[in-house]
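> take this sequence and fold it.
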Amino acid sequence: MAAKSGETGLMKQHAEVKAKHPDAILLFRVGDFYETFGEDAIITSGILGITLTKRANGSASHVELAGFPHHALDTYLPKLIRAGKRVAICDQLEDPKLTKTIVKRGVTELVTPGVSINDNVLNHKENNFLAAVHFYKNNCGVAFLDISTGEFMTAEGDTNYIDKLLTNFAPKEVLLDRNKRKNFIDAFGNKWLTFEMEDWVFTESTANERLLKQFETSNLKGFGVHNLPHGIVASGAILCYLEFVHTVRLLYF
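Presented below is the predicted three-dimensional model:
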């Protein structure tokens, strides 16, 4: 949601935060409530079954609004995630009583279907896998990670083999190179919730750097993946994604 001429200060602030997370539902803390605005409000009200209203927005007319009490986050957040939505939680970063201007706000948590350790979000009867697929000529590399259990696996092969693995592991979210969307749909269809990343994420150099850093080792020989170069790339893409998700809060302090 881009800022509009004549918007209130609150809505301008919302637009600035939303612009950094355009693909996520933004839960924007206002007093004792988490509010959603515009298209987010329309989507959220439909998923959660809460009232959709409108809020005055200065001379920029009105904007759709849907919200819930902040203490109900553990009730409503799982419903949004299970509906396949990414959610950015934007909190007040200072006491409203101590400022005479707009309260400073920032995203303190980014929750996605494939990345959650929240007990209210997870279904403990099944794994919550995040996957990544790397295309290379006629082969694909794939990796699966469940951060709630620590299971981290990789493989590679033709698209038929990868399709079987995706079906068996049933990831809640699949990462792919934004330039390979057509390849992915042609091979695996539209049945997976996907998130597109920049092409530099899916490179051998990036993957090796992230994996060696994560496992604090000088090489990957001890992991038995030396013959899976494309699987290694997929594994590295997952770690890049986790780094992005888990460091979001650091950007605002």
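
> rest of the way, CA atoms for contacts and neighbours
Fine.

> tell me which element the nearest residue to Ile50 once chain neighbours are set aside falls in.
Spatial nearest neighbour of Ile50, excluding adjacent residues (C-alpha to C-alpha, 6 or more residues apart in numbering): Ala66 at 6.9 Å. Using DSSP states H and E, Ala66 sits within strand 62-69.

> how about stretch 228-236 as CSV, C-alpha atoms only?
C-alpha atoms of stretch 228-236 as CSV (Å, rounded to 0.1, in the frame of the first residue of the first chain):
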residue,chain,number,x,y,z
LEU,A,228,24.5,-33.3,-4.5
PRO,A,229,25.7,-29.9,-5.8
HIS,A,230,22.1,-28.7,-6.7
GLY,A,231,20.7,-30.0,-3.4
ILE,A,232,23.4,-28.0,-1.6
VAL,A,233,22.2,-24.9,-3.5
ALA,A,234,18.6,-25.5,-2.3
SER,A,235,19.8,-26.0,1.2
GLY,A,236,21.7,-22.7,1.2
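
> right, and Met197 touches Lys180 too?
No - between Met197 and Lys180 there is no contact under C-alpha atoms under 8 Å: 9.9 Å.

> ok, the residue nearest to Ile50 touching Ile43?
No - with contact defined as C-alpha under 8 Å, Ala66 does not reach Ile43; the gap is 9.3 Å.

> and those two? which has more neighbours close in?
Ala66 (26 against 18; other C-alpha atoms under 10 Å).

> and Val245, its phi and psi?
Backbone torsions for Val245, taken as degrees, to the nearest 10, come to phi -60, psi -40.

> what's the pLDDT at Leu212?
What the model reports as pLDDT for Leu212 is 86.

> quick revisit: how near is the residue nearest to Ile50 to Ala24?
Ala66 is 15 Å from Ala24, where distance means C-alpha to C-alpha, to the nearest Å.

> pLDDT of stretch 51-61, averaged?
Here the average pLDDT along stretch 51-61 is 74.

> between the two ends of it, how far is it?
20 Å.

> all strands in the stretch 151-253 of the chain, in order from the N-terminus.
For the stretch 151-253 of the chain, the strands defined by DSSP state E, counting those that start in this stretch occupy 151-157, 173-177, 194-197.

> just checking, Leu130 touches Gly114?
Yes - using C-alpha under 8 Å, Leu130 is in contact with Gly114, at 4.5 Å.

> need the residues touching each of the two.
Listed contacts common to Leu130 and Gly114 are 146, 171-174; contacts here mean C-alpha atoms under 8 Å, 6 or more residues apart in numbering.

> what about the stretch 101-250 of the chain, any weak spots by pLDDT?
Residue ranges of the stretch 101-250 of the chain with pLDDT under 70: 117-125, 247-250.

> which residues of it fall in helices?
Along the stretch 101-250 of the chain, counting by DSSP state H, counting those that start in this stretch, helices occupy 159-169, 181-188, 204-215, 229-246.

> right, so the ones you listed: which one is the most enclosed?
helix 229-246 (a mean of 22; mean count of other C-alpha atoms under 10 Å).

> which other helices and strands does that one contact?
If you count contacts as 3 or more C-alpha pairs under 8 Å, 6 or more residues apart in numbering; DSSP states H and E, helix 229-246 packs onto strand 105-111, strand 130-136, strand 139-146, strand 151-157, helix 204-215.

> now render those as JSON lines, adding distance to Gly189.
Putting these into JSON lines (distance: least, C-alpha to C-alpha, whole Å) gives the following:
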{"stretch": "strand 105-111", "distance to Gly189": "25"}
{"stretch": "strand 130-136", "distance to Gly189": "13"}
{"stretch": "strand 139-146", "distance to Gly189": "15"}
{"stretch": "strand 151-157", "distance to Gly189": "18"}
{"stretch": "helix 204-215", "distance to Gly189": "26"}
